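*Asks:* give me the fold of what follows.
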Amino acid sequence: MKMKPLADRVLVKPLEQKEVKKSGIIIPDTAKEKPQEGEIVAVGKGKVSDDGKVIALEVKVGDKVLYGKYSGTEVKIDDVEYLILREEDVLGIIE
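*Replies:* Okay, the predicted model is just below:
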């Protein structure tokens, strides 16, 4: 199944957190925090301004981004976890 976000929304695949910390301690799945980094896999056309013009998104497919801890809506597509966010919930692009 394919998913195309609407307007200023983006579809993000959260990146997995590392299981071993610098000290060598392994963190179990139940104690891990939600990831705050992800990769953009689909983008909408952009936000429509009050005068009807479409404002293009700054992010694009393939960008690695940081987003707010409790942002967006979690969805499962073909047994893969994704997050649907508004572009304003994206805090920055990781270069």
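*Asks:* how close does Lys69 get to Asp50?
*Replies:* When distance is defined by C-beta to C-beta, to the nearest Å, Lys69 is 31 Å away from Asp50. Every residue, glycine included, has its C-beta placed from N, CA and C.
*Asks:* tell me which helix or strand of the chain sits lowest on mean pLDDT?
*Replies:* strand 47-48 (a mean of 90; mean pLDDT, DSSP states H and E).
*Asks:* now what about the next helix or strand after that one, what contacts it?
*Replies:* Read in the C-terminal direction, the helix or strand following strand 47-48 is strand 54-55, with elements assigned using DSSP states H and E. When contacts are defined by C-beta atoms under 8 Å, 6 or more residues apart in numbering, strand 54-55 is touched by residues 8, 45-49.
*Asks:* including distance to Ile55, could those go into JSON lines?
*Replies:* Supplementary listing: those in JSON lines, determined by distance: C-beta to C-beta, whole Å:
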{"residue": "Asp8", "distance to Ile55": "8"}
{"residue": "Lys45", "distance to Ile55": "10"}
{"residue": "Gly46", "distance to Ile55": "5"}
{"residue": "Lys47", "distance to Ile55": "5"}
{"residue": "Val48", "distance to Ile55": "8"}
{"residue": "Ser49", "distance to Ile55": "6"}
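*Asks:* just the buried residues of those.
*Replies:* Among those, those that count as buried by neighbour count (16 or more other C-beta atoms under 10 Å) are 8, 47.
*Asks:* please identify which pair of the contacts of strand 54-55 lies farthest apart.
*Replies:* Farthest pair in the contacts of strand 54-55 (C-beta to C-beta) is Lys45 and Ser49. Separation: 12.7 Å.
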